[in-house]
Structure formats: C-alpha cells, structure tokens
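*Asks:* Fold the following and give me the result.
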Amino acid sequence: MAAGGAAAYLDLRGQIGVSDVSGLVRGGPTPSADPDDPFTGRSLNILVMGTDLRGGENTEIAGEGDGGMRSDTTMLVHVSGDRSRIEVVSIPRDSLVDIPSCELPDGSESGDRYGMFNSAFTIGGGATEDLTYAAACTISTVQTLTNVPVTNHMVVKMDGVVDVVDALGGVRMCLPEPLVQDPDYGRFELPAGEQTLDGRQAIGFLRARHGTGLGLDQGSDLTRITRQQAFVDALVRQVLAQNVVTDSPRLYRTVQAVLGAISADPGLADPTALAGLAFSIRNIDPARIVFTELPVVAAPSDANRVVWTQEADAIWARIAADEAPPGTPEPSAGSSSGAPSASSPGSSPGSSPGSSSGSSPGEGGTTPSRTPDPSSSPSLLPGVCVD
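*Replies:* Just a heads-up that it's a prediction; the model follows:
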C-alpha cells in the first residue's frame with residue numbers, strides 16, 4: 001500500500017512544471033512566512049494565467065498564431081483563510097496599465113512601461129518565452145497595481161485544459177442560445193440547450209471571441225470573461241456535487257490531469273499540497289463561490305481598450321484583508337464540516353451573490369461601466385443547469 005502510494009506520488013510529481021519566481025517578483029506587501037504549513041489557516045491569492053503559447057498539442061488546438069507568447073486569461077482566485085468562500089476576479093487582458101520593470105531571462109531588465117495588461121506575460125518571457133519569467137512579470141504587475149500579495153500561481157496551457165475537462169468526464173452547462181464562432185477564427189459552434197462539453201469543446205468555448213451568440217457579436221474580451229467565469233462556476237460546482245475530492249481513484253485521475261497541465265510555484269507544485277488544498281474546500285457552500293467583475297471604462301486613448309476605475313481599489317483592498325464581498329451569504333449550517341450546500345444550484349456568474357453583473361454598488365459588488373455599453377451586453381448568459 002505504502003509502495004503504491006509512493007509510486008503514485010512520484011508519478012504525479014514528475015509531471016509538474018515547477019515555476020519558482022523567488023527573487024523575480026516585485027511590488028506588493030511581504031506575506032508572513034509559515035514554515036509549518038503555508039496553507040492551513042491562511043488566505044490564498046492564486047494567480048491563474050492561461051497562455052496561448054503555441055507548440056505541440058497547443059498548435060493543433062489553436063493554430064500557428066501570429067508569433068509571441070501571451071497570457072490569454074488571468075484570474076486572481078482568493079481562497080479565504082477559513083476555507084468557507086472563494087472569490088474569483090478576472091483581469092481583462094485589454095486593460096491599459098502600468099507595467100513595472102521586470103527581470104528577463106537573459107539577465108537584463110525590461111524597464112517600466114504602459115501598455116496592455118497581457119503584454120506583461122510576453123515581456124517577462126523574453127525571446128526564449130520562459131514561462132517562469134513570464135509569470136513573474138505578470139505577478140509583479142498585479143502586485144504593483146493592487147497591493148494584493150500573490151501567494152501562489154499557476155500557468156495553464158490550452159492542451160492542459162483539455163485533459164482536465166476530459167478527466168472530469170466533461171463539464172455540464174446550459175446555453176440559452178447557440179454559439180457560432182466566426183469561421184475566420186476557426187470553425188466552432190455549440191447548439192442551445194444543455195451541453196456536456198468535452199475538453200476540445202471547452203477550449204473552443206473559453207477562447208471564442210468573434211461570431212454570434214452569447215456576446216460573440218461584440219468581439220469583446222469582457223463578454224468572453226463572463227463566459228469563462230460561467231464555465232469555471234459550472235466546473236467547480238460539478239466537482240463539489242460529484243464528490244470528486246473524496247473519491248480517491250477519481251481524485252488521482254483529476255490531480256494527475258491538473259499537474260500535467262500546469263507550471264506552478266513550488267508550494268502548489270506538490271501533489272500532497274494540491275490535494276490537501278482541494279480537500280480543505282470540499283465542503284464549501286456553492287453560494288459562497290463568488291465571481292467579481294473588475295470595474296472598467298473605455299480608455300481615453302483607445303476605445304478598444306479599458307482602464308480600471310477607482311472602484312477597483314475597494315475590491316483589491318477587500319481581498320487583501322480577506323473580507324467577503326458585499327452580499328455574500330453567511331455559511332449554511334454544516335457547510336464548513338458537512339456536505340456542500342445546494343442552496344443555489346441555478347446561479348451563475350451573472351446572478352451569484354457578490355457578482356457585479358446585474359447588481360448595484362453595495363448590493364453584491366460593484367457595477368462596472370463597460371465597453372461596449374452595458375445596455376448592449378447579452379441578456380442571455382450561459383450557466384449552471386437547473387435540475
């Protein structure tokens with residue numbers, strides 16, 4: 001038994017890409033060290049970066065691309081210290097921000113600059129497209145802009161998402177209208193109604209930006225963020241509802257897929273640490289998984305780009321202080337030690353407590369000024385299926 005466990009551990013450990021950014025990240029407060037257990041009793045701010053890096057399976061999935069490695073999606077995932085709630089904030093890649101000077105793989109520095117948020121990933125990676133330096137520059141940018149300490153990070157490749165979704169048996173979603181991607185960006189479509197997306201379909205759903213249905217006609221990164229959050233919401237709820245974490249064989253398959261999909265910091269690049277974190281949130285109430293939009297307005301210098309409003313400061317300050325978003329329900333009875341609550345099986349990022357979409361300031365989040373105008377945003381949003 002012990003030998004089998006050790007073999008499984010080594011098998012998993014050998015699949016992980018370790019991305020140690022120590023000494024490369026700048027900005028933000030210095031977190032206190034906990035040499036005994038860096039997770040237990042401490043809030044976590046995990047920066048998840050999805051990359052469109054081409055090569056191998058990624059090229060087959062998304063084509064050759066136009067050169068360069070970019071961060072396709074960036075989410076800050078806050079896990080509360082008491083493990084009773086999770087808040088996810090997506091950072092629009094088209095945000096114009098101040099990017100601090102970053103150390104590059106060749107030993108030089110990039111210098112401060114102003115540009116699109118996702119360019120920090122490209123800048124840091126340098127000519128060699130080094131994922132560790134790319135992650136470090138993105139983390140430095142986030143910490144400098146928000147003063148939120150990024151405790152952990154992971155970089156997820158497109159082919160990795162395919163493996164994770166397939167390991168879960170697909171992700172069940174309900175689409176209120178068909179989604180058809182513009183053929184110029186690759187043929188991809190999904191009909192309306194209940195769908196169980198496999199890995200390849202999930203990638204198409206997450207990456208689609210131009211076409212018709214579910215906001216694709218707007219060609220906006222902001223509407224794509226809404227779809228991505230809906231997908232993550234459905235995936236997390238499915239993992240909790242199916243008790244994946246307490247089903248050892250299935251947990252092994254899922255962790256195996258996750259570890260093979262990511263490049264992570266040493267704290268997360270450990271099967272026992274990742275499994276331990278998953279186990280600690282196994283009983284979280286789905287109603288306390290909150291997706292928050294970052295308040296933005298059109299950039300004065302470019303109508304196709306956005307800038308954060310001052311209201312974003314309150315979001316970052318709240319996360320740094322490990323405080324719940326306004327409107328987050330209190331934990332359900334038994335949710336901290338019993339089975340997950342099914343208090344809101346039909347909620348989605350467009351309606352969950354604390355989500356900014358459709359809410360007013362002080363009533364579950366901040367309502368961002370959007371580009372395009374909110375009045376033109378899709379009224380039909382994908383979400384969790386209601387049984």
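*Asks:* Which residue lies nearest the spatial centre of the protein?
*Replies:* What sits nearest the mean C-alpha location of the chain, by C-alpha atoms, centre = their mean, is Met75, with 3.6 Å.
*Asks:* Pop out the phi and psi values for it.
*Replies:* For Met75, the backbone dihedrals (degrees, to the nearest 10) come out as phi -130, psi 130.
*Asks:* ok, now how distant is it from Ser101?
*Replies:* According to C-beta to C-beta, to the nearest Å, Met75 and Ser101 sit 25 Å apart. All C-beta atoms are positioned from the backbone trio N, CA, C, and that covers glycine.
*Asks:* Just the mean pLDDT for stretch 332-348, thanks.
*Replies:* In this model, stretch 332-348 has an average pLDDT of 44.
*Asks:* pLDDT below threshold where in the stretch 201-350 of the chain?
*Replies:* The stretch 201-350 of the chain contains residues with pLDDT under 70 at 248, 333-350.
*Asks:* Okay, helices next: where are they in it?
*Replies:* 221-241, 248-261, 271-280, 311-320 (DSSP state H, counting those that start in this stretch).
*Asks:* right, and the ones you listed - which one's nearest Gly125?
*Replies:* helix 248-261 (18.4 Å; C-beta to C-beta).
*Asks:* Who are the packing partners of that closest one?
*Replies:* helix 2-13, helix 158-167, helix 271-280 (3 or more C-beta pairs under 8 Å, 6 or more residues apart in numbering; DSSP states H and E).
*Asks:* buried ones in that helix?
*Replies:* Using 16 or more other C-beta atoms under 10 Å as the test for burial, helix 248-261 gives 250-261.
*Asks:* Columns distance to Val142 on top of those, output as a markdown table?
*Replies:* Shown next, in a markdown table, are the buried residues of helix 248-261 (distance: C-beta to C-beta, whole Å):
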| residue | distance to Val142 |
| --- | --- |
| Arg250 | 33 |
| Leu251 | 30 |
| Tyr252 | 32 |
| Arg253 | 32 |
| Thr254 | 27 |
| Val255 | 26 |
| Gln256 | 29 |
| Ala257 | 26 |
| Val258 | 22 |
| Leu259 | 24 |
| Gly260 | 26 |
| Ala261 | 21 |
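*Asks:* Pro382 and Arg207, how far apart?
*Replies:* Pro382 is 14 Å from Arg207, by C-beta to C-beta.
*Asks:* In space, what's closest to Val296 - neighbours in sequence excluded?
*Replies:* Among residues not flanking Val296 along the chain, Val306 sits closest, at 3.9 Å (C-beta to C-beta, 6 or more residues apart in numbering).
*Asks:* Okay, and the beta partners of the one you found?
*Replies:* Ser95, Ala298 (DSSP bridges).
*Asks:* thought it was touching Ala298?
*Replies:* Yes - Val306 is within contact range of Ala298, at 6.2 Å (criterion: C-beta atoms under 8 Å).
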